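Asker: turn this into a structure:
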Amino acid sequence: MPSSTNPSPSNLRALALWGSVRGRLTTLGFFVRQDLVQRYQADILGMAWLVLQPLITIALFAVVFSALMRARLPGLDPTFGYTIYLIAGILAWTAFAQSITRLSGWYRDRAGLYQKLALGLYLPPLSVVASEGVLYAMGMTIFALGLLLHGHGLSLHWLLLPVLLALLAVITFCLGLSLGLLEVFIPDIRRAVPIALQLGFWLTPIVYTPDILPNWVRPLIDLNPLTHALGAVQAIVVFQQTPSPRSLLLLALLAVISLGVLAWLGQRLRKAVRDAL
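Answerer: Predicted coordinates for the structure are as follows:
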């Protein structure tokens, strides 16, 4: 008799799992494409704003702070060293701040959509972090090409960058979406987020280095998780060094904690959120 060609139960489970994962990735890809298209399709300059907006910010800070910071960055080009330091921090901060701002109002902004469709609690908003990641990757690609043309060069330490950015993306998504869940019941969060982000920007060493601060302020800056995240990015990109293991461990721990908090909030508020919308 010919041998049976029916797939085993384990193979069937694997195929079902792959089908589920593939379906979710396809859905996520759709949301990311829609997000990127809708963001720029009404603008005359379109995707050019991706370069213009951070470029203007960087130019302003470079003009104001370059003379002050030049002596604080030894070993770097005295003309462009501070600008390189600034860009490395600004690009990462922009992706973080944009994600938090949009995720913190995700559910209320799409209340009508959630009332009509059985959308998942986590997958659609994941497109925010994914699309911001795409824009960040584009910005970093342009930045890396500029570094090569300038002679700054790249190093093997850049291989750590995806791991670092993945941890930051997890923390960003969980923090932003936790705020989004709570914002359904506490609308004041929407007004508090921009203020908190503005404060966070100046409490993170992006346009300055920590050594210019008074000694009593430095422990406060060290408590800021973004100090460690963006400092690690700057260590890799600017100084071509391995980030501090302490910073990487702290970010990994925060990623795990933030995932737990988001899962707990989602479980507790899932039905209440849908009812409130």
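Asker: by mean pLDDT, point me to the weakest helix or strand of the protein.
Answerer: helix 9-40 (a mean of 64; mean pLDDT, DSSP states H and E).
Asker: against which helices or strands is the host helix or strand of Ala95 packed?
Answerer: Following DSSP states H and E, one finds Ala95 within helix 81-103. Secondary-structure packing of helix 81-103 (3 or more C-beta pairs under 8 Å, 6 or more residues apart in numbering; DSSP states H and E): helix 49-69, helix 123-150, helix 161-183, helix 188-202, helix 225-237. Where you see a C-beta, it was placed from the backbone N, CA and C, and this is true even at glycine.
Asker: who touches the closest residue to Ser155 other than its chain neighbours in this structure?
Answerer: Of all residues not flanking Ser155 in the chain, Gln240 sits nearest, at 4.2 Å (C-beta to C-beta, 6 or more residues apart in numbering). Under the criterion of C-beta atoms under 8 Å, 6 or more residues apart in numbering, the neighbours of Gln240 are Gly153, Leu154, Ser155, His157.
Asker: from Thr209, how far out is the third one?
Answerer: Remark: distance between Ser155 and Thr209 (C-beta to C-beta, to the nearest Å) = 20 Å.
Asker: follow-up on the earlier one: and of the contacts of Gln240, the nearest to Ile100?
Answerer: For these, the residue nearest Ile100 by C-beta to C-beta is His157; the value is 27.1 Å.
Asker: give the contact list for the closest residue to that closest one other than its chain neighbours.
Answerer: In this structure, His157 finds its nearest non-sequential neighbour in Ile236, 4.7 Å apart by C-beta to C-beta, 6+ apart. If a contact means C-beta under 8 Å, 6+ apart, then Ile236 has Ser155, His157, Trp158, Leu160, Leu161, Leu164, Thr242, Pro243 as its contacts.
Asker: report the secondary structure state of Thr204.
Answerer: coil (DSSP: H, G, I helix; E, B strand; the rest coil).
Asker: which residues does it contact?
Answerer: Thr204 neighbours (C-beta under 8 Å, 6+ apart): Gly89, Trp93, Ile221, Asn224, Leu226, Thr227, Leu230.
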